[in-house]
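Asker: Just need the structure, nothing else, for what follows:
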Amino acid sequence: MFRLLADAMPGDTRGAKGPKEQPDPFRSCIACMLSAQSRDANTAKATSALFALATTPEQMLALGDEELVDAIRPAGLYNNKAKAIRRFCRQLIDEKGGEVPRTRAGLLQMHGIGRKCADIIMAFTFGEDVIAVDTHVGRVCERTGLASGYSEAKIAEHLDARAPDWAKAEGHFWLIQFGKRICTSRSPKCGACFLVDLCEYEDKTL
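Answerer: Just a heads-up that it's a prediction; the model follows:
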C-alpha cells in the first residue's frame with residue numbers, strides 16, 4: 001500500500017497549513033492546541049490574535065483571563081482552551097525550563113498535548129519521521145486495513161508499528177491527500193482507487 005501511495009500521491013506539500021508555519025516550538029504547540037475541533041481559517045484567526053499579544057509562556061501567563069479568551073474565541077471551546085493554555089505554559093516553565101520537549105514521550109507529558117498533537121509537532125516542527133494521524137489519515141487506515149484502533153491515538157500506535165521506516169517521512173502527506181482526493185468521507189471514489197484490490201473496506205462504491 002505504501003509503495004502504491006508513494007507512486008500516486010504528492011509528498012511533502014510545502015503549502016500545507018499547520019503548526020509547522022509557526023516560528024518556534026512553543027507557538028507550534030499552542031497553535032496545535034487551538035486547532036482542536038476548529039476550522040483552519042478560525043484557528044488562523046485565533047493564533048494571529050493571540051500571538052499579537054504574547055509569544056512566550058511568560059507573556060501568555062501575564063494576559064488577563066478575558067484578554068486571553070477574547071483572542072482565541074474564533075477557535076471555539078475558548079474557555080477550556082484558555083485553561084489548557086495556562087496549564088501548559090505553567091508546566092513548561094516549572095518543569096521544562098521553558099523548553100518544549102523534543103520527544104513524543106516528553107510532549108505527551110505536557111498538559112493539553114495528545115498523541116495527534118505530539119506527532120504533528122514532531123513531524124512539522126522538529127522534522128522527525130512521524131506519520132501524524134488526523135481525521136483523513138485515520139479514516140483511510142481503518143477502511144483499508146492499514147491500521148486500526150478505537151481512537152486516532154490507537155490508530156497512530158498501530159500505524160507506527162506497521163509502517164516501514166522509509167515511508168514515515170512522507171507517509172502523512174500521501175495518506176492525507178489520498179483521503180481528501182479518493183478515500184473521501186462521503187462517496188469514496190472506490191472505482192478509481194489504485195488500492196482497491198488491497199483494501200478491506202466492505203462498503204466499496206464500485
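Asker: in this protein, which residue is closest to the centre?
Answerer: Centroid-nearest residue in the chain: Ile120, 4.3 Å away (criterion: CA atoms, centre = their mean).
Asker: From Cys193, how far out is it?
Answerer: 26 Å (CB to CB, to the nearest Å). The C-beta positions use only the backbone N, C-alpha and C, and glycine is treated the same way.
Asker: I'd say the residue nearest to the centre of the chain and Ala132 touch.
Answerer: Yes - in this structure, Ile120 is within contact of Ala132 by CB atoms under 8 Å, at 4.6 Å.
Asker: For the helix or strand harbouring the residue nearest to the centre of the chain, C-alpha coordinates in CSV please.
Answerer: Element membership of Ile120, judged by DSSP states H and E, is helix 115-120. The C-alpha trace of helix 115-120 is given here as CSV (Å, rounded to 0.1, in the frame of the first residue of the first chain):
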residue,chain,number,x,y,z
ARG,A,115,-0.9,11.8,20.6
LYS,A,116,-2.0,13.6,17.4
CYS,A,117,-0.7,17.0,18.5
ALA,A,118,2.6,15.4,19.7
ASP,A,119,3.1,13.7,16.4
ILE,A,120,2.3,16.9,14.4
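Asker: Can you list the helices and strands that that helix packs against?
Answerer: helix 25-34, helix 104-108, helix 152-162 (3 or more CB pairs under 8 Å, 6 or more residues apart in numbering; DSSP states H and E).
Asker: Break the chain into its domains for me.
Answerer: Using automatic domain parsing, the domain parsing of the chain gives 2-13+131-192, 19-125.
Asker: Mind putting these into a markdown table with mean pLDDT and distance to Glu200?
Answerer: Putting those into a markdown table (pLDDT from 0 to 100; distance: least, CB to CB, whole Å) gives the following:
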| stretch | mean pLDDT | distance to Glu200 |
| --- | --- | --- |
| domain 2-13+131-192 | 93 | 4 |
| domain 19-125 | 94 | 23 |
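Asker: I'd like the ones you listed as a markdown table, with distance to Thr205 appended.
Answerer: Converted to a markdown table, the domains of the chain look like this (distance: least, CB to CB, whole Å):
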| stretch | distance to Thr205 |
| --- | --- |
| domain 2-13+131-192 | 5 |
| domain 19-125 | 27 |
